[in-house]
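> this one's sequence-less:
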């Protein structure tokens, strides 16, 4: 004969497993599938005010923006799709220039402590 405590442990295990299955299906059933961004949102960088945490501007940059670094009064966006580097004026919130690169970059960086000095945060989409 099996001890009662073993049957209790098995019963608790079955209940926990059943709850996991229910939670999994309920959570996934209520989540809409991911959708691709619209053409109007492609190749944009969002300027977010760090005090209000709100998007204050959207700027068009090169194709497939990948990395953004900010500091020294500006932000630089690496656009891997067309091999360009976009320079943004952080104070005026406008693109200063987009420069073609003669190399295939894999990363982008700016001087030490640049992120701490930036007054705005830039995100790409």
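Looks like it came in fine. This one's a predicted model, so the numbers in the text were calculated from it and none came from an experiment. Residues are numbered from 1 along each chain as shown.

> quick one: the strands in this structure, in order.
44-49, 54-60, 65-71, 74-79, 84-89, 94-100, 120-124 (DSSP state E).

> could I get these as TSV with distance to residue 7, mean neighbour count and mean pLDDT?
Using the backbone N, CA and C atoms, a C-beta is placed for each residue, glycine as well. Below are these laid out as TSV (distance: least, CB to CB, whole Å; neighbours: other CB atoms under 10 Å; pLDDT from 0 to 100):
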stretch	distance to residue 7	mean neighbour count	mean pLDDT
strand 44-49	57	18	86
strand 54-60	57	13	88
strand 65-71	57	19	86
strand 74-79	61	23	89
strand 84-89	66	19	91
strand 94-100	70	13	92
strand 120-124	55	17	46
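
> compare the ones you listed and give me the one nearest residue 15.
In terms of CB to CB, the element of these nearest to residue 15 is strand 120-124, at 43.4 Å.

> before we move on, the earlier item: dump the strands of the chain into TSV; add distance to residue 21 as well.
Formatted as TSV, the strands of the chain follow (distance: least, CB to CB, whole Å):
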stretch	distance to residue 21
strand 44-49	39
strand 54-60	39
strand 65-71	39
strand 74-79	44
strand 84-89	48
strand 94-100	51
strand 120-124	37
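
> which among those is found nearest to residue 10?
So among the strands of the chain, strand 120-124 is nearest, using CB to CB, at 49.7 Å.

> which of the strands of the chain sits closest to residue 9?
Short answer: strand 120-124, nearest of the strands of the chain by CB to CB, at 48.8 Å.

> picking up where we left off before, nearest to residue 11, of the strands of the chain?
Of all the strands of the chain, strand 120-124 comes closest under CB to CB, at 49.2 Å.

> quick one on the thing from earlier: and residue 17, which of the strands of the chain is closest to it?
Comparing those under CB to CB, the one sitting nearest is strand 120-124, at 40.1 Å.
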